[in-house]
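Undergrad: sequence and predicted structure, then a few things I'm wondering about:
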Amino acid sequence: MVELKTDTSIDAMYEAGQVVGRALTAVRKAADVGVSLLELDEVAHAVLREAGATSPFLGYRPSFAPTPFPAVLCASVNDAIVHGVPTRYRLRDGDLVSMDFGAELGGWVGDSALSFTVGTPREADLRLIEAAERALDAGIAAAVVGNRIGDIAHAIGTVCRSAGYGIPDGFGGHGIGRRMHEDPGVPNEGRPGRGMRLRHGMVLAIEPMVIGGGTDGYHADLDGWTLRTNDGSRAAHAEHTVAITDAGPRVLTARAD
């Protein structure tokens, strides 16, 4: 069932989304060669504490997971697509990093992700990240009243495939509100004009993921959480929490950076 949020609820979700935005900005600023993923998780945790917010990630255990997620930040490096578990790994020059973060404030959840490089970037990585961001922008632009879920999926998929990148099958965006994952699902590829019609008050986490090698295959790491590309190529991830309104899409996790 899809819950339509009131304008007041959307405003409250914006406050949660701004905590997410501040945390991701802080993590990106702190990320440098030699900094560990666990240290970045603590940076994000500090933003939660300062805001009086909690983490929908910490302790989360969906049906596929062998253990509860042990951190507040998903930190995926290089060939890791999503759900990377922060470890003692220290960032190296040229790493491609995708950070996914959520916050719960006042009973409402925000969720967002960004990808960036550390140190000297590879041109191929910059193109991959740019494609993920363009796909996100295209998906947001399609998130208007009267369109359908398939229009968002088609917009995202068109950007990713046109750039020659792969899309991990079965993973995409989702509804969000009182819980991190709500109906409806938002695929990253699909046919326009299909699926649920978008209405004022729907709130979606739109999140394209792209695989640089052009294939779609992936596998779970030994931790049971981290998803890695089968071909060993690098991946990028971009996400925002977006409210569907009569005035157009409202990005609730917009960052000041």
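TA: Yep, that arrived.
Undergrad: how about the helices in this protein?
TA: The residue ranges that make up the helices of the chain, judged by DSSP state H, are 7-30, 37-51, 123-141, 149-162.
Undergrad: dump the residue contacts of the residue nearest to Pro66 when sequence neighbours are not counted.
TA: Across the structure, with CB to CB, 6 or more residues apart in numbering as the measure, the residue nearest Pro66 apart from its sequence neighbours is Gly224 (3.9 Å). Every residue, glycine included, has its C-beta placed from N, CA and C. By CB atoms under 8 Å, 6 or more residues apart in numbering, Gly224 lies in contact with Phe64, Ala65, Pro66, Thr67.
Undergrad: now do Gly185
TA: Neighbouring residues of Gly185 by CB under 8 Å, 6+ apart: Ile149, Gly172, Gly173, His174, Gly175.
Undergrad: list just the nearest of those to Asp32.
TA: Minimum separation from Asp32 among those (CB to CB) is found for Gly173, which lies at 30.0 Å.
Undergrad: my read is that the closest one contacts Ile206, right?
TA: Yes. Under the criterion of CB atoms under 8 Å, Gly173 is in contact with Ile206, at a separation of 4.6 Å.
Undergrad: measure Pro208 to Val43 for me?
TA: Taking CB to CB, to the nearest Å as the measure, Pro208 falls 25 Å from Val43.
Undergrad: which of these two has more neighbours?
TA: Pro208 (33 against 18; other CB atoms under 10 Å).
Undergrad: show me the contacts for the residue lying closest to that one once chain neighbours are set aside.
TA: Spatially, and ignoring its direct neighbours in sequence, Pro208 is nearest to Ala135 (3.8 Å; CB to CB, 6+ apart). Remark: with contacts taken as CB under 8 Å, 6+ apart, Ala135 is in contact with Ala155, Ile156, Gly157, Val159, Cys160, Asn188, Pro208, Val210, Ala238.
Undergrad: which one of those residues sits closest to Ala103?
TA: So of the contacts of Ala135, ranked by how close each gets to Ala103 (CB to CB), first place is Ala238, at 17.7 Å.
Undergrad: report how many residues lie close to that closest one.
TA: Ala238 sits with 26 neighbouring residues when counted by other CB under 10 Å.
Undergrad: what about Gly107, how many neighbours?
TA: By other CB under 10 Å, 11 other residues sit near Gly107.
Undergrad: now the one 10 residues further on
TA: Burial of Thr117, expressed as a neighbour count using other CB under 10 Å, amounts to 20.
Undergrad: list the beta-bridge partners for it.
TA: Leu96 (DSSP bridges).
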